[in-house]
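J.: below is the sequence, then the predicted model.
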Amino acid sequence: MPAYSLADPPILAFILLPAAIAILFVWGIAIAWRRSGHAASAARAGVRAAGFALTWMGTALGLADRGTLRNWDATPPPFALLVVALLAVGFWIAFSSTGQRLATGLPLWALVGVQAFRLPLELAMHALVSRGIMPEQMSYSGRNFDVVTGATAIAVAALVAAGVAGRRLVMAWNILGMVLLVNIVAVAILSTPRIAAFGPDRLNTFVTYPPFVWLPTVLVLAALAGHLIIFRALSRRRV
């Protein structure tokens, strides 16, 4: 792993973007609680969401800092267990009562718009390739096309907010975004040392170091839960 500085803007992005997502999550919980008729408990819900986010992010950072996630010889590798955990958390958030309130309490354009974080994320990831930190196949110069989701999220959210577009456009965009997310997650997993599908010199190990561990545990989690919550919102025909 090459040396890196947290002051380097592309590196700093892996701190600022997860922090922004955590703040938006807490804020969204509080707003959704108020709009669902539970204004009295909105503050408590926000505090619980903040506690969960801090615990989850702190645990992931601690595991990365101690090197626990870099034990690729274990069976199963700790990083694989982390992936399973983040998938479970993503589905739990989306299909719990929390996901229901987010789906019904927040406007559809906001649920789409938050996914715009994937545009600066992809730009930062692309910059990591030139620094020798991330393998090329995980950037948009390789096999990762998720930058399309982030860029189009802005346009789709604006059209929905303006009343120009509605359910059909959001459904098409959401399906595309989910497909592109599954694609890059698959590429990332295939690039880990236990599989090394793209060769031993193009390994994905940077996500086991701080602060990059927040890429899967916060940013991928937010993308996954976000798409699932949008599907829930669309199932209720909200526009």
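T.: Received, thanks.
J.: report the distance from stretch 97-114 to the chain centre.
T.: Between the centre of stretch 97-114 and the centre of its host chain there is 15 Å, according to CA atoms, centre = their mean, to the nearest Å.
J.: after the longest helix seen in the chain comes which helix or strand?
T.: Selection of the longest helix in the chain by residue count, based on DSSP state H, yields helix 9-35. Per DSSP states H and E, the first helix or strand lying C-terminal to helix 9-35 is helix 42-66.
J.: which residues touch the helix or strand bottoming out on mean pLDDT in the chain?
T.: Using mean pLDDT, DSSP states H and E, helix 97-105 stands out as the lowest-scoring helix or strand of the chain, at a mean of 93. Helix 97-105 is contacted from outside by 28-29, 31-36, 38, 49, 93, 111, 225, 228-230, 232-233, 236, 238, using CB atoms under 8 Å, 6 or more residues apart in numbering. C-beta coordinates here come from the backbone N, C-alpha and C atoms, glycine included.
J.: stretch 163-174 now?
T.: Contacts of stretch 163-174 (CB under 8 Å, 6+ apart): 108, 112, 149, 152-153, 156, 159-160, 227, 230-231, 234, 237-239.
J.: can you check stretch 179-196 too?
T.: So stretch 179-196 is in contact with 72, 77, 79-80, 83, 135, 137-138, 142-146, 148-149, 197-198, 202-205, 207, 216, 220, 223-224, 227, going by CB under 8 Å, 6+ apart.
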